[in-house]
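Visitor: For reference, the sequence and a predicted model appear below.
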Amino acid sequence: MKEIGFIGIGNMGGAMAKAVADRHFEKIAVYDHNKAAYDKFLKYSNISVCNTLEELIVQVKYIVLSVKPQFYQEVCKTIKNYLKEDQIVITVAPGYSIAMIKGLLGEKVKVIRTMPNTPALIGEGVTAYAYHENELSGEEIDVFLELFNSFGKTIRVDEKLMAAVVATSGSSPAYAYMFIEAMADAAVSFGMPRQMAYEMSAIAIKGACEMVLQTKKHPGELKDAVTSPGGTTIQAVAALEETGFRNSVIKGMQACYNKANQMSGE
């Protein structure tokens, strides 16, 4: 039985619940302190809304903590006494390690730590996940993967890499949006209409990303293929390097990585 519950159905939690519902999971339960959030699930016959956390916990095997990190301790305190040994808690908060969750819920609780990113909202997310090998069966992990593959791709990582994941995929959509915005601003300065500038910049970046994924070539090799000797692209690359383009990206990710480590005490 694929019994899944989402505690917190804001943007991310709601998107995940809808994606899972569209994959026809047998039973999905949702809970949110904001009851107006339930309205978006009215058309789903396989989603049941719960008035209390206890009502959700007793219905499902997989429990996704999709509330904001600042509410984790409060929620864990509430659900702790209702959990059974065969249930699995799935976290989506960057600041909580598996050890921290076990400290809140009990050492015997099965935990899968995940780090999805916001493109999950459109089914294009990437989610890193980690768990203790001896705690979950192959069947339990298969069901988890079916759940999280509903809204993108999943990649298993060693838990010690979670801070690196936050910097690399969790926060990186913001870097990409800044890059697209800057490209569009330049295009507008050249006379291009703004909406056209956004669309053209975003499509160009999306295409470049697909080139990396589909060709499996080194990004530097793909960059070299665009930069003809004495051409326009090499002038742009040289100008970007004058202002420390790559170093700025590295330093930004380092700051993100340090903050993620600080939040989780790792």
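Guide: Yep, that arrived.
Visitor: The residue most central in space within the chain and residue 153, how far apart?
Guide: With distances taken as Cα atoms, centre = their mean, residue 116 lies nearest the centre of the chain, 1.6 Å away. According to Cβ to Cβ, to the nearest Å, residue 116 stands 10 Å off from residue 153. C-beta coordinates here come from the backbone N, C-alpha and C atoms, glycine included.
Visitor: Likewise for residue 145?
Guide: In terms of Cβ to Cβ, residue 145 sits 10 Å off from residue 153.
Visitor: do the same with residue 23
Guide: 15 Å.
Visitor: what distance separates the lengthiest helix in the chain from the middle of the whole chain?
Guide: Ordering each helix of the chain by length in residues (DSSP state H) puts helix 194-215 first. Centre-to-centre, helix 194-215 and its host chain are 21 Å apart (Cα atoms, centre = their mean, to the nearest Å).
Visitor: cool, stretch 107-123 as well?
Guide: Distance, centroid of stretch 107-123 to centroid of chain: 7 Å (Cα atoms, centre = their mean).
Visitor: How many neighbouring residues does residue 230 have?
Guide: Neighbours of residue 230 under the rule other Cβ atoms under 10 Å: 7.
Visitor: What confidence value was assigned to it?
Guide: With respect to pLDDT, residue 230 scores 96.
Visitor: Quick check: phi and psi at it.
Guide: Main-chain dihedrals, residue 230, degrees, to the nearest 10: phi 70, psi 10.
Visitor: Equivalent analysis for the one 4 residues further on, please.
Guide: Residue 234 has phi and psi values of phi -70, psi -30 when expressed as degrees, to the nearest 10.
Visitor: and it, how far is that from residue 226?
Guide: For residue 234, the distance to residue 226 - Cβ to Cβ - is 9 Å.
Visitor: can you list the domain ranges for this structure.
Guide: For the chain, automatic domain parsing gives the domain ranges 3-158, 170-264.
Visitor: just to revisit the earlier point, between residue 116 and residue 153, which contacts overlap?
Guide: 125-127 (Cβ atoms under 8 Å, 6 or more residues apart in numbering).
Visitor: Cross the residues you listed against strands and list the overlap.
Guide: Cross-referencing the shared contacts of residue 116 and residue 153 against strands under DSSP state E gives 125-127.
Visitor: Now neighbour count too, for these, in JSON lines please.
Guide: Listed next are those as JSON lines, based on neighbours: other Cβ atoms under 10 Å:
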{"residue": "125", "neighbour count": "24"}
{"residue": "126", "neighbour count": "19"}
{"residue": "127", "neighbour count": "24"}
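Visitor: okay if I get those residues as CSV plus pLDDT and distance to residue 99?
Guide: Output for these, formatted as CSV (pLDDT from 0 to 100; distance: Cβ to Cβ, whole Å):
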residue, pLDDT, distance to residue 99
125, 94, 25
126, 96, 24
127, 96, 20
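Visitor: any idea which of those is closest to residue 56?
Guide: residue 127 (21.7 Å; Cβ to Cβ).
Visitor: partner residues bridging the closest one?
Guide: residue 154 (DSSP bridges).
Visitor: Please tell me how far it sits from residue 75.
Guide: 20 Å.
Visitor: now residue 158
Guide: With Cβ to Cβ as the criterion, residue 158 and residue 75 are 26 Å apart.
Visitor: Between the two, which has more neighbouring residues?
Guide: residue 75 (19 against 9).
Visitor: Can you name the residues in contact with stretch 248-263?
Guide: Residues contacting stretch 248-263 (Cβ under 8 Å, 6+ apart): 69, 94-95, 162-164, 166-168, 170-172, 175.
Visitor: ok, back up a step: among the domains of the chain, which is the most enclosed?
Guide: domain 3-158 (a mean of 18; mean count of other Cβ atoms under 10 Å).
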